[in-house]
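**Q** here is my input, please return the structure:
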Amino acid sequence: MMNKRYRRTKAEMNALRTALYEIAQEIEPCSVRGLFYQIVRYGHIPKTEEAYTGIVMRLVGELREDGEMPWNWITDGTRLMRKPTTYSSMEEAARDAARTYRRDLWRNQEVYLEVWCEKMALLGVIYEVTAKWDVPLMISRGFAIKDFCYRTAESIALESKPAYLYQVGDHDPSGVKAWEAVETSIRRYLDRFFNYQECVTFDRIAVTPEQIEEYSLPTRPTKRDGNSHARGFKGDSVEADAMPPDVLRNLIESHIRQHVDEDALRVVQVAEKSEREALEIFAQTVGTYTPNEGQAES
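**A** Residues are numbered from 1 along each chain as shown. Here you go, the predicted structure:
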């Protein structure tokens, strides 16, 4: 006789809903996959695809639909909407410019930075950090296409100062090889097309073997059969989504901040504040403007 599949009681499901809510509250914003890895890490459910789709995805959907979990706690970088920015009036455009105006933070800094990530799903998790520090976030999705690498080489050459490229990717054979391929391509383009001699540092900051042990990240067996990338790769594999989102954000921010010249930053902030105030005054002026103002009567 086959054993019946175990069904959780109502009390157990409610306990899982509470655990999902509390973990999401602690690490938001996060992806559903990232939340799954964290609840696995705390031992609430097994690390299976059935648990991901049948428990985490379903319960998170219910929590949000029921109004118990804020929608903005969960990000989904795999779906995009593109639309030009438009306005109903000049005043609205001017006020938006005043609200969003930012000075180029890195213009007076001594280095050029980029953050690379191979997982589109992590876009919403880490963009708030890279946006805060005005650092380009490059979503490479595995082996980056040549044009993507060429454009980065072009940006580095145009800046003409030491460059640091920090990467977040899966700890698996393909993830490691993909980043190595990115470095090889960018260095080749810098040498071939731009004759660039400045220092460029490529640093894979997550996921590392040390982080897997430190944060007890959920692993999966490394696929080795028929995988030429697996030669020389040791141990199990870990997806970048398994990193606790708050830890990942702090890690990226610390790598960015170490390059920030505080004196140059203060100069930019003072100028930005003054120029934003000037834009606000302009917006007020536009708000009082009428199309026929100042025109002679016919």
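**Q** show residues contacting stretch 49-69.
**A** With Cβ atoms under 8 Å, 6 or more residues apart in numbering as the test, stretch 49-69 has contacts from 13, 16-17, 20-21, 24, 32-33, 35-36, 39-40, 45, 70-71, 74. The C-beta positions use only the backbone N, C-alpha and C, and glycine is treated the same way.
**Q** closest to Lys146 among these?
**A** Comparing the contacts of stretch 49-69 against Lys146 with Cβ to Cβ places Arg33 closest, at 28.8 Å.
**Q** can you tell me the closest non-neighbouring residue to the closest one?
**A** Leaving aside its sequence neighbours, Arg33 sits nearest to Asp241 (Cβ to Cβ, 6 or more residues apart in numbering; 4.5 Å).
**Q** which of the contacts of stretch 49-69 are buried, as a ChimeraX select command?
**A** Burial among the contacts of stretch 49-69 is assessed by 16 or more other Cβ atoms under 10 Å; the matching ChimeraX selection reads:
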select :16,17,20,21,24,32,33,35,36,39,40,45,74
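**Q** re the thing from before, residues touching the residue nearest to Arg33, list them.
**A** 31, 33-34, 37, 119, 121-122.
**Q** can you rerun that using 10 Å?
**A** Counting by Cβ atoms under 10 Å, 6 or more residues apart in numbering, Asp241 touches 30-38, 119, 121-122, 125, 170, 207, 217-218, 248.
**Q** buried ones in the longest helix belonging to the chain?
**A** As assigned by DSSP state H, the longest helix anywhere in the chain is helix 262-287. The neighbour-count check on helix 262-287 (16+ other Cβ under 10 Å) flags 265, 268, 276, 279-280, 283 as buried.
**Q** of all the residues you listed, which two lie farthest apart?
**A** Top of the distance list for the buried residues of helix 262-287 (Cβ to Cβ): Leu265 and Ala283, 26.3 Å.
**Q** quick one: low-confidence ranges for the stretch 1-150 of the chain?
**A** 1-5, 142, 144 (pLDDT under 70).
**Q** mind giving me the domain ranges of the protein?
**A** Dividing the chain into domains by automatic domain parsing, as the record does, gives the ranges 10-75, 110-259.
**Q** quick one: the longest helix of the chain to chain centroid distance?
**A** 28 Å (Cα atoms, centre = their mean, to the nearest Å).
**Q** list the helices and strands it packs on?
**A** helix 90-100 (3 or more Cβ pairs under 10 Å, 6 or more residues apart in numbering; DSSP states H and E).
**Q** quick one: the helix it packs on to helix 262-287, angle?
**A** Helix 90-100 runs at 170 degrees relative to helix 262-287, counting by axes from the mean of the first three to the mean of the last three Cα atoms, to 10 degrees.
**Q** for helix 90-100, buried residues please.
**A** 91, 94-95, 98.
**Q** and of these, the nearest to Arg192?
**A** Of those, the one sitting nearest to Arg192 (Cβ to Cβ) turns out to be Ala98, at 43.8 Å.
**Q** looking at it, that closest one is touching Glu277, isn't it?
**A** Yes: at 8.2 Å, Ala98 counts as touching Glu277 under the criterion of Cβ atoms under 10 Å.
**Q** that concludes my questions; thank you for your assistance.
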